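Novice: Sequence isn't available, so here's the structure alone:
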């Protein structure tokens, strides 16, 4: 830290990584689009390969970009002001994720409190109930759709409850890992962070278990009407974020074993832990509104 | 890796000459750049190319509508043209143009060395050309490209769309990622990079309006991502979010879409307010009237934009209570907007006015945007909207706010700041030709749409009843003339990029105030290495 009133803000020189990132997203979008078409319409094509190639480029890009950043950070090129930029940037990114989940929670509430009751004749929709699907009963969870698809509701006890406990515990261990890092207690840090990643991994295994159970024994699938839709999209996107968060925390663990991070310079770790806490909060809301109520 | 070593050198040994580090020659400069001005230039040129592309599609639409009856193209292709025209103009022209201006101007206006996150800035830009490559190439796919309107209402985009919809969905995903990253960059730059003394209420209004716009972007682009994801799963994976047989509702799509869509409308106009608030005081040679009220009005508009979305859906059969709520909430927006119009007029009141080209566009903006605002007020009235919904009146309304509003403000901004960017005055003769041709033709193009709309001509249909023939002929002539007028602009821009013209002073315009006018023209590659102190 210099004594100057204003430190120089580090403006990086030209970098190939962002452009490579754009190429990666291009390949992934083209690949994913074609893969979706080919896999659902029984067509031949290269979608899966393009998607895979894009994913590889993305990984190469992330490794290269982060190596640059780690190098810059560890050689002391970053100022406190730049640290603030990163922290604010990460907070706003998490806010955007909140809004993404908000869209699906919104769909859940709309289905539950508006579209399903209206299909049953509520509000100004008497004739909808009478004419369109007279036998339809507006209940939630929607186990029988107006079109006649039947399913079962996922109970909140058992597996989902255990998963809630697992994830909340992992949030606590993640917090203690952060505390240990700030106290420079590396042994406790490794233990707590290791536990966090392990709990996250167990959560994911359990989630897969739950999906298999839903598909094979409960006839609860992605096609089971709006209850199944919101169930799978919310838990699915959440699970995807847990996976991503666990991978990031695992990389943090590897970096800690390499001796990275100090009690006052550990933005990457902090961002990863914020992300993890965010994922946990989403789960708590999800557990309440998808499973319990 | 070379980039990293380069930087280390620069930083360790040349602390004071950092700003002189070499600009790499050739294409690599543009692919790998982390400079806010380079990225701003890329955004602006990209936006202009997309403006001409989307404009070409509008020409196809107007050619088909020149006479009643099906003349030139198939109805399905007509639908693709209206859809892709809308998507390109919204996401490819207006939004990137504003982002380009933000990149160029915000660091200069707040006394920062660059944007806060320069590499992410580059990523935000380069995603866009790829996203639009995907969108445009989907036009050539089997079954055609997106043909469901830029609003992609279900079930048009689910049950009745071509399989190319999957590519549309992923293109929207990555352009959304680009917008979110760009917006994060703007917010962090403004929060964290202001020069000492640049307090919140000293910030130029362009910076204020962009700060609020960026917040709107981060709040609603993820919701758009959610909407396209549900369209994807409904179309390809058997979900029924928007299908009543499965307990969903096609109207739910409209709620989710317009929760994004209405703030999106303000994303496309708030930066314009900032531009006009910069230009009018310069050429009226007076301080902006009511600076603080402008800030609060902008914030109010942004907040209100989250509770008015269903005014796009008055004819979907919502309960009366909802219709009334959204009607009054919508009308409420005219209060802060009126404050802005009043302030601009009051700024000009008894000013020593001159009418340079940026001012011409700014005044045209104020008059024509107000027309668009007033027709919006008409559309906000529920029983009246029952008549106007999905007619050309709506087309007239949003083209007045987006073309003579957003796009005129972008042109005003380009004329205002171009001499600062290039160091040379643009060709004033061409600029005046561009302004007057655009002004006349744009009104021939859009004004009669009010009449045919009130008389009941529906939008998005390639044919129309015979009584609309004369008006449509004139609308098309206005359209072609407006399209051709933009080539004057293109010629002017090419001359400007070749650095032709008279050199200008650092202040450029006599009445101009602000940090960007204190650095030399052309602005050096890095503007403020050490932050200036603002008194």
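Specialist: Okay, I see it. Computed from a prediction, not measured in an experiment: that's the story for all the values here.

Novice: So for chain A, the centremost residue is which one?
Specialist: residue A:241 (1.8 Å; CA atoms, centre = their mean).

Novice: secondary structure element for it?
Specialist: helix A:225-257 (DSSP states H and E).

Novice: Quick one: mean pLDDT for that helix?
Specialist: The pLDDT scores in helix A:225-257 average 97.

Novice: picking that back up, ok, the residue nearest to the centre of chain A touching residue A:279?
Specialist: Yes. In this structure residue A:241 lies within contact range of residue A:279 using CB atoms under 8 Å: 5.0 Å. Every C-beta, even on glycine, is put in place using the N, C-alpha and C of the backbone.

Novice: who's in contact with the closest residue to chain B within chain A?
Specialist: Relative to chain B, the nearest point of chain A is residue A:103 (2.7 Å; CB to the nearest CB). By CB atoms under 8 Å, 6 or more residues apart in numbering or on different chains, the contact list for residue A:103 reads B:222-223, B:225-227, B:230, B:256, B:259.

Novice: Go through these and single out the one with the most neighbours.
Specialist: residue B:227 (30 neighbours; other CB atoms under 10 Å in any protein chain shown).

Novice: quick one: residue B:241 and residue B:247 touch, right?
Specialist: No. Look at residue B:241 against residue B:247 with CB under 8 Å: they stay out of range, at 9.2 Å.

Novice: so how far is residue B:189 from residue B:196?
Specialist: 16 Å (CB to CB, to the nearest Å).

Novice: which of the two has more neighbours?
Specialist: Under the criterion of other CB under 10 Å, the comparison of residue B:196 against residue B:189 puts residue B:189 first, with 30 against 12.

Novice: What strand or helix carries the more buried one?
Specialist: Assigned by DSSP H and E, residue B:189 falls in helix B:165-192.

Novice: What average pLDDT does that helix get?
Specialist: 97.

Novice: so what does that helix touch, helix or strand wise?
Specialist: helix A:17-40, helix A:80-110, helix B:95-110, helix B:118-137, helix B:205-236 (3 or more CB pairs under 8 Å, 6 or more residues apart in numbering or on different chains; DSSP states H and E).

Novice: How about the residues of the stretch 151-293 of chain A by chain B?
Specialist: A:222-223, A:225-229, A:233 (CB under 8 Å from any CB of the partner chain).

Novice: Residue 212: neighbouring residues, count only.
Specialist: No chain was given, so I picked chain A. Neighbours of residue A:212 using other CB under 10 Å come to 10.

Novice: that's the wrong chain, I meant chain B
Specialist: 24.

Novice: per-residue pLDDT, the one residue in chain B that gets nearest to chain A?
Specialist: For chain B, the residue closest to chain A is residue B:226, as judged by CB to the nearest CB, at 2.7 Å. Residue B:226 carries a pLDDT value of 97.

Novice: Pull out the buried positions in stretch A:156-167.
Specialist: Using 16 or more other CB atoms under 10 Å in any protein chain shown as the test for burial, stretch A:156-167 gives A:160, A:163-164, A:166-167.

Novice: oh, I was asking about stretch B:365-381
Specialist: Those would be B:365-366, B:368-373, B:375-376, B:379-381, for stretch B:365-381 by 16+ other CB under 10 Å.

Novice: what's the helix or strand for residue A:78?
Specialist: With DSSP H and E as the test, residue A:78 turns up in no helix or strand.

Novice: For residue A:178, see how far away it is.
Specialist: From residue A:78 to residue A:178 the distance is 20 Å (CB to CB).

Novice: Report the central residue of chain B.
Specialist: So for chain B, CA atoms, centre = their mean, it's residue B:94, sitting 2.6 Å from the centre.

Novice: per-residue pLDDT, it?
Specialist: 98.

Novice: just checking, it touches residue B:402?
Specialist: Yes. The criterion here is CB under 8 Å, and residue B:94 meets it with residue B:402 at 6.7 Å.

Novice: How about the backbone phi and psi for residue B:455?
Specialist: Backbone torsions of residue B:455, given as degrees, to the nearest 10, read phi -80, psi 0.

Novice: and stretch B:25-43 with chain A, contact?
Specialist: Yes. Stretch B:25-43 reaches chain A (CB under 8 Å from any CB) through B:28-29, B:31-34.

Novice: Distance to residue B:358, pLDDT and secondary structure for the buried residues of stretch B:365-381 - can I get that in JSON lines?
Specialist: Output for the buried residues of stretch B:365-381, formatted as JSON lines (distance: CB to CB, whole Å; pLDDT from 0 to 100; DSSP: H, G, I helix; E, B strand; the rest coil):
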{"residue": "B:365", "distance to residue B:358": "10", "pLDDT": "98", "secondary structure": "helix"}
{"residue": "B:366", "distance to residue B:358": "13", "pLDDT": "98", "secondary structure": "helix"}
{"residue": "B:368", "distance to residue B:358": "16", "pLDDT": "98", "secondary structure": "helix"}
{"residue": "B:369", "distance to residue B:358": "16", "pLDDT": "98", "secondary structure": "helix"}
{"residue": "B:370", "distance to residue B:358": "19", "pLDDT": "97", "secondary structure": "helix"}
{"residue": "B:371", "distance to residue B:358": "21", "pLDDT": "97", "secondary structure": "helix"}
{"residue": "B:372", "distance to residue B:358": "20", "pLDDT": "97", "secondary structure": "helix"}
{"residue": "B:373", "distance to residue B:358": "22", "pLDDT": "96", "secondary structure": "helix"}
{"residue": "B:375", "distance to residue B:358": "26", "pLDDT": "97", "secondary structure": "helix"}
{"residue": "B:376", "distance to residue B:358": "26", "pLDDT": "96", "secondary structure": "helix"}
{"residue": "B:379", "distance to residue B:358": "30", "pLDDT": "97", "secondary structure": "helix"}
{"residue": "B:380", "distance to residue B:358": "32", "pLDDT": "97", "secondary structure": "helix"}
{"residue": "B:381", "distance to residue B:358": "35", "pLDDT": "97", "secondary structure": "coil"}
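
Novice: Pick out whichever of the residues you listed sits closest to residue B:86.
Specialist: Of all the buried residues of stretch B:365-381, the one with the least separation from residue B:86 (CB to CB) is residue B:372, at 16.4 Å.

Novice: shouldn't that closest one be in contact with residue B:406?
Specialist: No. Checked against CB under 8 Å, the pair residue B:372 and residue B:406 is beyond contact range at 10.0 Å.

Novice: Now do the SS call for the spatially closest residue to residue A:262 that is not a sequence neighbour.
Specialist: In space, and not counting its chain neighbours, residue A:262 is closest to residue A:184: 7.6 Å by CB to CB, 6 or more residues apart in numbering or on different chains. Classification of residue A:184 using DSSP: H, G, I helix; E, B strand; the rest coil returns coil.

Novice: Same check on residue B:279?
Specialist: Classified using three-state DSSP, residue B:279 is helix.

Novice: ok, it - contacts?
Specialist: B:358-359, B:361-362, B:412-413, B:416.

Novice: Select from the residues you listed every entry located in helices.
Specialist: Using DSSP state H, the subset of the contacts of residue B:279 located in helices is B:358-359, B:361-362, B:412-413, B:416.

Novice: May I see these organised as a markdown table, with neighbour count added?
Specialist: Listed next are the ones in helices among the contacts of residue B:279 as a markdown table, based on neighbours: other CB atoms under 10 Å in any protein chain shown:
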| residue | neighbour count |
| --- | --- |
| B:358 | 27 |
| B:359 | 21 |
| B:361 | 29 |
| B:362 | 30 |
| B:412 | 26 |
| B:413 | 28 |
| B:416 | 25 |
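
Novice: The residue nearest to residue A:262 contacts residue A:263, correct?
Specialist: Yes. Counting by CB under 8 Å, residue A:184 touches residue A:263, with 4.9 Å between them.
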